[in-house]
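>>> When you get a sec, could you give me coordinates for this:
(2 chains)
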Amino acid sequence: QKEVEQNSGPLSVPEGAIASLNCTYSDRGSQSFFWYRQYSGKSPELIMSIYSNGDKEDGRFTAQLNKASQYVSLLIRDSQPSDSATYLCAVNWRDGGTASKLTFGTGTRLQVTL
Amino acid sequence: SAVISQKPSRDICQRGTSLTIQCQVDSQVTMMFWYRQQPGQSLTLIATANQGSEATYESGFVIDKFPISRPNLTFSTLTVSNMSPEDSSIYLCSVAAGWAEAFFGQGTRLTVV
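So this is what the prediction gives:
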């Protein structure tokens, strides 16, 4: 069973602060890792992908990957009220054939307060 | 990224009936995926829809309950059959690109009464 674990939150941070979201996964064979943002009533939107150990930065977002520890994180700098959403961690796996599939964590709800 | 159109966007259905959800992509894709998101839960993969072959279902999902069609490389349907209130969920179509990242349609919010 492929598992992806996230703290459900809510994680509350003040506007302008750094939000830190964490995710652990069970499948050591996973190669691709993603963070999705989901606003209430909307479908998930891809915001970050990471494939190699280390950090990857894109604007206010930084994804961090540590394959040895099976750990992925997302940092959001200068948090804004518009960042308030549920953040889903997703990890890929292959079913033995050609299909690359994703397992999603339960998501962390982020609240950015004024 | 591909543009994915899903319809209906929402529906309220009577128990025991069936609903077919359509997913149209603006470009040809090899695989399309169907997910379910139950209230307050994360996404669970139902099946992978392959053009020209039977869909591949994940554990806990069966073809009789969730038949899938994939007539060409831009279109797929998911039917939720013999519905019960437990089927009330958001159903999402997605396609994969590049290094397996998934892009989603806007979802179908299904309520079974």
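
>>> Which strands or helices does the worst-scoring helix or strand of chain A on mean pLDDT pack on?
None of the helices or strands of chain A scores lower by mean pLDDT, DSSP states H and E than strand A:100-104, at a mean of 87. For strand A:100-104, the helices and strands in contact under the criterion 3 or more Cβ pairs under 8 Å, 6 or more residues apart in numbering or on different chains; DSSP states H and E are strand A:85-94, strand B:43-50. From N, CA and C alone the C-beta is placed, and that goes for glycine too.

>>> Would you reformat the ones you listed as TSV and include distance to B:A97?
Shown next, in TSV, are the helices and strands packed on strand A:100-104 (distance: least, Cβ to Cβ, whole Å):
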stretch	distance to B:A97
strand A:85-94	12
strand B:43-50	15
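
>>> Give me the neighbour count for residue 60.
No chain specified, so I'll use chain A. 14 (other Cβ atoms under 10 Å in any protein chain shown).

>>> Sorry, I should have been clearer: chain B.
8.

>>> about what we covered before: can you give the strand pairings for the very next helix or strand once past the least confident helix or strand of chain A, parallel or anti for each?
From strand A:100-104 onward toward the C-terminus, using DSSP states H and E, the following helix or strand is strand A:108-113. Applying DSSP bridges to the sheet, strand A:108-113 is found paired with strand A:11-14 (parallel), strand A:85-94 (antiparallel).

>>> Check which residues of strand A:108-113 are buried.
A:108-110, A:112 (16 or more other Cβ atoms under 10 Å in any protein chain shown).

>>> Run through who's touching it.
With contacts defined as Cβ atoms under 8 Å, 6 or more residues apart in numbering or on different chains, strand A:108-113 is touched by A:6-15, A:19, A:21-22, A:76, A:79-87.

>>> could you dump stretch A:79-89 to PDB, C-alpha only?
Extracted C-alpha coordinates of stretch A:79-89, given in PDB (Å, rounded to 0.1, in the frame of the first residue of the first chain):
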ATOM      1  CA  SER A  79       2.300  34.200   3.100                       C
ATOM      2  CA  GLN A  80      -0.700  36.000   1.800                       C
ATOM      3  CA  PRO A  81      -4.400  35.600   2.700                       C
ATOM      4  CA  SER A  82      -4.900  34.300  -0.900                       C
ATOM      5  CA  ASP A  83      -2.600  31.300   0.100                       C
ATOM      6  CA  SER A  84      -5.300  30.000   2.400                       C
ATOM      7  CA  ALA A  85      -6.200  26.700   0.900                       C
ATOM      8  CA  THR A  86      -5.600  23.000   1.300                       C
ATOM      9  CA  TYR A  87      -2.200  21.800   0.100                       C
ATOM     10  CA  LEU A  88      -1.900  18.300  -1.200                       C
ATOM     11  CA  CYS A  89       1.300  16.300  -1.400                       C
END
